[in-house]
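Q: Below is the structure, and that's it, no one-letter string:
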């Protein structure tokens, strides 16, 4: 079941239900695109109709961000749970190792990518990693980059570049690459490589991962969290007060 949360569609699924859906995608062999919705994505979608179209047209949409889950509950459209991108990524690598699915990693800086690949191979020694490439290429190189992905024929494609570039890239090359499951993973490889530490569990549960991230890179993250993302709370307030109006 899909719910609309502040203009973005979200599949109301648990982690286990999400994994079952992805297994069905892989079995089908047809291309499917995944996206996670968080505060940043909702703000971008509200400001850019093209981004909203891409998000809402994805085959699987999870809520990654406690503010989105809390907003859903206050708007009387409660989501079952938060499905974080990094947790889904790691669970999919585990399942890919078990099932023999082919995996391709695309994105991140070269040293980060190589460190992440080493950690992944150590943790999942039987994983069929059919290719990986850093996230830096020119516009003219883009078609050949995606053709290389297509030639590797992965079951799972993980793209670690910034939003909305990764969503736009996957939508643009959906049919050419024809990957059963493609997913943008943002800065996940930085965490896997040990370049960035993840917030403690209590901060994750309290919805304070953003604050932990801000403390790590205050200059870089200030504008996003304290300027750009403030629009989310205006969007929420507008919708919340609509729910308080008496029905005719």
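A: Received it, and whenever you're ready, just let me know what you need. Computed from a predicted model, the values in this text were never measured in an experiment. Residues are numbered from 1 along each chain as shown.
Q: Can you classify the residue most central in space within the chain as helix, strand or coil?
A: With distances taken as CA atoms, centre = their mean, residue 36 lies nearest the centre of the chain, 4.0 Å away. Classification of residue 36 using DSSP: H, G, I helix; E, B strand; the rest coil returns strand.
Q: in terms of contact, does it touch residue 85 like I think?
A: Yes - using CB atoms under 8 Å, residue 36 is in contact with residue 85, at 4.7 Å. Yep, even glycine has a C-beta here, placed from its N, CA and C like the rest.
Q: Now do the shared contacts for the two.
A: 62, 64, 184 (CB atoms under 8 Å, 6 or more residues apart in numbering).
Q: in a helix, that's where residue 195 is, yeah?
A: No - using three-state DSSP, the assignment for residue 195 is coil, not a helix.
Q: Enumerate every residue touching it.
A: By CB under 8 Å, 6+ apart, the contact list for residue 195 reads 112, 115.
Q: Please tell me how far it sits from residue 110.
A: The spacing between residue 195 and residue 110, counted by CB to CB, to the nearest Å, is 12 Å.
Q: picking up where we left off before, quick one: the shared contacts of residue 36 and residue 85 as CSV, columns for distance to residue 206 too.
A: Shown next, in CSV, are these (distance: CB to CB, whole Å):
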residue, distance to residue 206
62, 20
64, 16
184, 25
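Q: Let me know the closest of those residues to residue 160.
A: Nearest to residue 160 out of the shared contacts of residue 36 and residue 85 is residue 184 (CB to CB; 7.7 Å).
Q: burial count for that closest one?
A: Counted with other CB atoms under 10 Å, residues neighbouring residue 184 total 28.
Q: can you check the one 3 residues further on too?
A: Here the neighbour count serves as a burial measure; for residue 187 (other CB under 10 Å) it reads 18.
Q: ok, and the closest non-adjacent residue to it?
A: Leaving aside its chain neighbours, residue 187 sits nearest to residue 196 (6.4 Å; criterion: CB to CB, 6 or more residues apart in numbering).
Q: about what we covered before: how much space is there between the residue nearest to the centre of the chain and residue 184?
A: Residue 36 sits 8 Å away from residue 184, going by CB to CB.
Q: Need the residues touching each of those two.
A: Residues touching both residue 36 and residue 184 (CB under 8 Å, 6+ apart) are residue 85.
Q: Now do the SS call for residue 80.
A: With three-state DSSP as the basis, residue 80 sits in coil.
Q: And the pLDDT for it?
A: Looking at residue 80, its pLDDT reads 95.
Q: Identify the residue spatially nearest to it, adjacent ones excluded.
A: Counting by CB to CB, 6+ apart, residue 80 lies nearest to residue 14, which is 5.1 Å off, once chain neighbours are set aside.
Q: For the one you found, grab the count of nearby residues.
A: Neighbours around residue 14, by other CB under 10 Å: 14.
Q: Quickly note the distance from it to residue 93.
A: Distance from residue 14 to residue 93, by CB to CB: 19 Å.
Q: Check residue 54 too.
A: Plainly put, residue 54 is 25 Å away from residue 93 if you go by CB to CB.
Q: ok so, going back, residues contacting the residue nearest to the centre of the chain?
A: Taking CB under 8 Å, 6+ apart, we find residue 36 in contact with 61-65, 83-85, 88, 184.
Q: Just the pLDDT for the nearest residue to it once chain neighbours are set aside.
A: Of all residues not flanking residue 36 in the chain, residue 64 sits nearest, at 3.6 Å (CB to CB, 6+ apart). pLDDT for residue 64: 92.
Q: And residue 64, its phi and psi?
A: phi -120, psi 100 (degrees, to the nearest 10).
Q: And for residue 74?
A: Dihedral angles (degrees, to the nearest 10) for residue 74: phi -70, psi -30.
Q: got it, and residue 79?
A: Dihedral angles (degrees, to the nearest 10) for residue 79: phi -80, psi 150.
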